[in-house]
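# show me the folded form of this:
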Amino acid sequence: MTVAVRDADGQVVTPEAVVWAYWQRMFPMADHRRGRIRWYRPHERAVITWDRFTVSRSLAKVIRNRRPYRITANRAFPEVIAACADRESTWINRDIERLYVALHEQGVAHSVEAWDPGGALVGGCYGLALGGCFAGESMFTRADDAAKICVTYLVARLQQGGFQMLDCQQQTPHMERFGCRMVADAEYALMLESCRLPCSFGPPGDLTVPC
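The predicted structure is shown next:
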């Protein structure tokens, strides 16, 4: 898919330009669903590194004992990003959707999905693989713990693929419980530079229990 859109300043944005921007520590957001793309580089960044990653006992028990959902990777990327955008207030406009779907088709953007026993998509998350850094973008949930379980499986897959960190961009109570911490932009720049190594997100399909 060939995609080229314009940001709020009228500059052409392609999928390749999005990847370049991430390496410059910038990411795109729109003001609202019908807004224009703007670029952000925060003074602090929320990140998860594996030495600090933690899963609560209650969530780990749910995953091990109940296994309430089937968890897959890269089975429904367009549906996941559309579900993430389907809320009253969103920074994901149509142009961002098109750019990230194109990046998914190029093998750069990836998703993790949760399916209920009836086969309905009830949770998911997506982001970009940038060397050894995975830039998490958004998540959604339509059932108990679905998004949190997807994050747990995502981190397990990143660890298996040799990734070094999960960039969460902004801190949230949910991510803080996983061990997410804030780092200054200067520290993040060093962390990102150390991630310039080839990593593999792995093939699409069902994911095994991570904990």
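
# isn't residue 165 up against residue 49?
Yes - counting by CB atoms under 8 Å, residue 165 does reach residue 49; the two are 4.9 Å apart. Bear in mind the C-beta positions are built from the backbone N, C-alpha and C, glycine included.

# which residues of this structure fall in strands?
Assigned by DSSP state E, the chain shows strands spanning 5-6, 12-13, 27-30, 37-40, 44-49, 70-73, 109-115, 121-130, 133-141, 165-169, 181-184, 205-206.

# a markdown table for those, including distance to residue 155?
Supplementary listing: the strands of the chain in a markdown table, determined by distance: least, CB to CB, whole Å:
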| stretch | distance to residue 155 |
| --- | --- |
| strand 5-6 | 31 |
| strand 12-13 | 29 |
| strand 27-30 | 20 |
| strand 37-40 | 24 |
| strand 44-49 | 7 |
| strand 70-73 | 12 |
| strand 109-115 | 10 |
| strand 121-130 | 11 |
| strand 133-141 | 9 |
| strand 165-169 | 6 |
| strand 181-184 | 15 |
| strand 205-206 | 17 |
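
# deepest of these, which one?
Highest mean neighbour count among the strands of the chain (mean count of other CB atoms under 10 Å): strand 109-115, with a mean of 25.

# which strands and helices sit next to that strand?
Contact here means 3 or more CB pairs under 8 Å, 6 or more residues apart in numbering; DSSP states H and E; on that basis strand 109-115 packs against strand 70-73, helix 77-85, helix 94-105, strand 121-130, helix 146-160.

# low pLDDT regions in the protein?
Regions of the chain meeting the criterion pLDDT under 70 cover residues 1, 211.

# cutoff 80 now
The chain contains residues with pLDDT under 80 at 1-2, 66, 209-211.

# residues touching residue 15, list them.
3, 99, 102, 103, 106, 108 (CB atoms under 8 Å, 6 or more residues apart in numbering).

# looking at it, the fourth one is touching residue 111, isn't it?
When you say that, I think you mean residue 103. No - the pair residue 103 / residue 111 is not scored as a contact, 11.2 Å apart, by CB under 8 Å.

# ok, residue 53 - contacts?
By CB under 8 Å, 6+ apart, the neighbours of residue 53 are 155, 178, 179.

# so what's residue 114 bridging to?
With DSSP bridges as the criterion, residue 114 is bridged to residue 71, residue 123.

# that one and residue 54, how far apart?
Going from residue 114 to residue 54 by CB to CB, to the nearest Å gives 20 Å.

# residue 85: neighbour count?
18 (other CB atoms under 10 Å).

# likewise residue 162?
Residue 162: 12 neighbours (other CB under 10 Å).

# name the nearest residue to it, sequence neighbours excluded.
Using CB to CB, 6 or more residues apart in numbering and skipping the chain neighbours, the partner closest in space to residue 162 is residue 199 (4.5 Å).

# so who does that neighbour touch?
129, 131, 132, 161, 162, 163.

# closest to residue 69 out of those?
When those are ranked by distance to residue 69 (CB to CB), residue 161 comes first, at 21.7 Å.

# would you list the phi and psi of that closest one?
Per-residue torsions, residue 161: phi -90, psi 0 (degrees, to the nearest 10).

# I figured it was touching residue 200, is that so?
Yes - using CB under 8 Å, residue 161 is in contact with residue 200, at 4.6 Å.

# between the two, which is the more surrounded one?
residue 161 (15 against 11).
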